[in-house]
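Student: Here is a sequence together with a model predicted from it:
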Amino acid sequence: MPLGLGRRKKPSPLVENEEAEPIRAGLNVDGLDGARVGIAGGVTQEGLPPPPTNLRPRLIFHTQLAHGSPTGRIEGFSNVRELYAKIGEAFGIPPVEVMFCTLNTHKVDMDKLLGGQIGLEDFIFAHVKGQRKEVEVFKGEDALGLTITDNGAGYAFIKRIREGSIVHQIQIINVGDMIESINGQTLIGCRHYEVAKMLKELPRGKNFVLKLVEPLKAFDMIGQRSGGRAGSGVQLGTGRGTLRLRSKGPATVEELPSAFEEKAIAKVDDLLENYMGIRDSELAATMVELGKDKRNPDEFAEALDETLGDFAFPDEFVFDVWGAIGDAKVGRI
């Protein structure tokens, strides 16, 4: 193909006649839209100008709406809100309609939930708002059996329902449902730990009302209740690098976590669920990153206070996280 001849026509964000197959999202040699993705390990020194636009990597990802749509191309985002805006542009929908995204499967599979990192060859499926429902629940036990997460853009939703729990017995409440309000108090804009705390503080022996929004389902997904277990979706992405999205600061392209870090992150995520009723792999990864080079638990606790002080983690939890990182380092987990 001859280079430099004529002007390039702006491509449509939708791809014609393309199925949801393992398309290799690229690390191309053109500029990154918005100049917001940097390469980890090659951090620009303070005071130096950013590299020319034509030298910045251009990251293009393929996406579909989970209930069915043509394939779209998106690029130029550095956080979840910008990602949802790009998805909205590609499919002509308001970004606020996007509830969450899964990677490489259209199913509501919480093990494939898009968190703070996207593999460079991952295929993104966007789950949008579907049916609203209102449920009255009697809190007969202290624990409802819910694990809460959020999408990083103001929506908290159900990531796991413990088998045999109060909520498990209510068939119309499902994994993936967004919690819109509790007893009329809106939760839009709340983080997952705030919602989990509110549910925990509801008085035992009384009813409360949940307003939920379930993700729009394709025909083959209707009637299925997910237990939060690993799905059987085809693994489409095989990229060795990841684009890490951050709520503050630019996104960065990073190598995949080491085996030690993967084990430590999984264990810390389990500890978050046990202590706080939330799962957040990005938060777990941040905690592992803060702790992996610390010499003792006091240094680790100080680093947590500086970076994640808003969470006010209890001392027992911090000690257990430090132990999990140490166990992963020496191969005990």
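Tutor: Ah, there it is. This is a predicted model, so every value here is computed, not measured.

Student: Point me to the helix or strand that includes the closest residue to Lys267 other than its chain neighbours.
Tutor: Once flanking residues are discounted, Lys267 sits nearest to Ala324: 4.2 Å by C-beta to C-beta, 6 or more residues apart in numbering. No exception for glycine: its C-beta is placed from N, CA and C like everyone else's. Following DSSP states H and E, one finds Ala324 within helix 315-329.

Student: mind listing what's buried in that helix?
Tutor: 317-318, 320-322, 324-326, 328 (16 or more other C-beta atoms under 10 Å).

Student: would you turn those residues into CSV with distance to Met276 and pLDDT?
Tutor: Below are the buried residues of helix 315-329 laid out as CSV (distance: C-beta to C-beta, whole Å; pLDDT from 0 to 100):
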residue, distance to Met276, pLDDT
Phe317, 8, 92
Val318, 12, 93
Asp320, 12, 94
Val321, 12, 95
Trp322, 17, 95
Ala324, 15, 94
Ile325, 18, 94
Gly326, 21, 92
Ala328, 20, 91
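
Student: Dump these into CSV; add distance to Pro95 as well.
Tutor: Shown next, in CSV, are the buried residues of helix 315-329 (distance: C-beta to C-beta, whole Å):
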residue, distance to Pro95
Phe317, 34
Val318, 36
Asp320, 38
Val321, 34
Trp322, 39
Ala324, 36
Ile325, 36
Gly326, 41
Ala328, 37
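
Student: of those residues, closest to Met287?
Tutor: If you rank the buried residues of helix 315-329 by distance to Met287 using C-beta to C-beta, Val321 comes first, at 5.8 Å.

Student: contacting residues for that closest one?
Tutor: 268, 271, 287, 291, 300, 313 (C-beta atoms under 8 Å, 6 or more residues apart in numbering).

Student: Farthest-apart pair in these, please.
Tutor: Farthest pair in these, by C-beta to C-beta: Leu271 and Phe300, 13.6 Å.

Student: Neighbour count: the two, which is higher?
Tutor: Applying other C-beta atoms under 10 Å to Leu271 and Phe300 shows that Phe300 carries more neighbours, namely 22 against 17.

Student: Give me the secondary structure label for the more buried one.
Tutor: When classified by DSSP: H, G, I helix; E, B strand; the rest coil, Phe300 comes out as helix.

Student: my guess is it meets Val318, correct?
Tutor: Yes. Counting by C-beta atoms under 8 Å, Phe300 touches Val318, with 7.0 Å between them.

Student: intersection of neighbour lists for these two?
Tutor: Counting by C-beta under 8 Å, 6+ apart, nothing touches both Phe300 and Val318.

Student: Nearest residue to the middle of this structure?
Tutor: What sits nearest the mean C-alpha location of the chain, by C-alpha atoms, centre = their mean, is Gly115, with 2.1 Å.

Student: give me the element Glu163 is part of.
Tutor: With DSSP H and E as criterion, Glu163 is part of no helix or strand.

Student: what's the neighbour count on it?
Tutor: 9.

Student: For it, give me the pLDDT.
Tutor: Per-residue confidence (pLDDT) for Glu163: 91.

Student: how much space is there between the nearest residue to Val108 once chain neighbours are set aside and Ile278?
Tutor: Of all residues not flanking Val108 in the chain, Gly176 sits nearest, at 3.9 Å (C-beta to C-beta, 6+ apart). Plainly put, Gly176 is 16 Å away from Ile278 if you go by C-beta to C-beta, to the nearest Å.

Student: who has more neighbours, the two?
Tutor: Using other C-beta under 10 Å, the more surrounded residue of Gly176 and Ile278 is Gly176, with 27 against 24.

Student: ok so the more buried one is a helix residue?
Tutor: No. Checked against three-state DSSP, Gly176 lies outside a helix; its state is coil.

Student: who touches it in this structure?
Tutor: Gly176 neighbours (C-beta under 8 Å, 6+ apart): 99-100, 108, 110, 127, 157-158, 214-215, 226.

Student: can you list the contacts of Val321 in JSON lines and add secondary structure and distance to Lys139?
Tutor: As requested, the contacts of Val321 are exported to JSON lines (DSSP: H, G, I helix; E, B strand; the rest coil; distance: C-beta to C-beta, whole Å):
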{"residue": "Val268", "secondary structure": "helix", "distance to Lys139": "29"}
{"residue": "Leu271", "secondary structure": "helix", "distance to Lys139": "25"}
{"residue": "Met287", "secondary structure": "helix", "distance to Lys139": "31"}
{"residue": "Gly291", "secondary structure": "helix", "distance to Lys139": "36"}
{"residue": "Phe300", "secondary structure": "helix", "distance to Lys139": "36"}
{"residue": "Phe313", "secondary structure": "coil", "distance to Lys139": "26"}
